[in-house]
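**Q** here are the coordinates; sequence isn't available:
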């Protein structure tokens, strides 16, 4: 009896470790995708900001400064829109990652229930 219980406990521990490894890999993959999305957005915003700053440094008269005002507002609006789009992308990645981890947890719970329900059902049938 104890040997059977030890085998079941060992198998359950192995299943748990495998599931935890898969969940960690899924979470790290999600974090990697989020980091890539943020880095791309940061690069694009930095490039646009540097280009605007270079153009602003070249402004020498009042008319050039007036045109910069409109370009600055356009740049600000574009960066806010891009930030919002990146946040939506990050949210989608987080939801997808959470769903994947939830599926792993459900599979683990189902496997654990089957591992303990099968011997119990066999015991009842033997009586």
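**A** Good, I have the coordinates. Keep in mind that what you see is a predicted model, and the values were worked out from it rather than measured. Numbers count the residues shown, from 1 in each chain.
**Q** CA only for contacts and neighbour counts going forward, please
**A** Noted.
**Q** contacting residues for the residue most central in space within the chain?
**A** For the chain, residue 30 is the residue whose C-alpha lies nearest the centre (CA atoms, centre = their mean; 3.1 Å). Residue 30 makes contact with 93, 94, 97 under the criterion CA atoms under 8 Å, 6 or more residues apart in numbering.
**Q** what's near enough to touch the first one?
**A** If I follow you right, that is residue 93. Residue 93 makes contact with 30, 33, 34, according to CA under 8 Å, 6+ apart.
**Q** tell me the confidence at the first one?
**A** Residue 30 is assigned a pLDDT of 95 by the prediction.
**Q** same check, this time on the last one
**A** The predicted local distance difference test score for residue 34 is 96.
**Q** element containing it?
**A** Using DSSP states H and E, residue 34 sits within helix 2-57.
**Q** after that helix, next one along is what?
**A** Sequence-wise, the next helix or strand downstream of helix 2-57 (DSSP H and E) is helix 62-126.
**Q** quick one, that following helix and helix 2-57 angle?
**A** With axes from the mean of the first three to the mean of the last three CA atoms, to 10 degrees defining the directions, helix 62-126 sits at 170 degrees from helix 2-57.
**Q** from the chain's centroid, how far away is helix 62-126?
**A** Here the centre of helix 62-126 is set off from its chain's centre by 5 Å, with CA atoms, centre = their mean, to the nearest Å.
**Q** pull out the buried positions in stretch 61-77.
**A** The neighbour-count criterion (16 or more other CA atoms under 10 Å) identifies 65, 68, 75 as the buried residues of stretch 61-77.
**Q** and what of stretch 12-30?
**A** Of all the residues in stretch 12-30, those buried under the rule 16+ other CA under 10 Å are 12, 15, 16, 19, 20, 23, 26, 27, 30.
**Q** can you check stretch 51-61 too?
**A** Neighbour counts over stretch 51-61 (16+ other CA under 10 Å) mark 52, 56 as buried.
**Q** where does the prediction get shaky in this protein?
**A** Per-residue confidence for the chain (pLDDT under 70) gives these ranges: 1, 118-127.
**Q** repeat that for 50
**A** For the chain, not a single residue meets the criterion pLDDT under 50.
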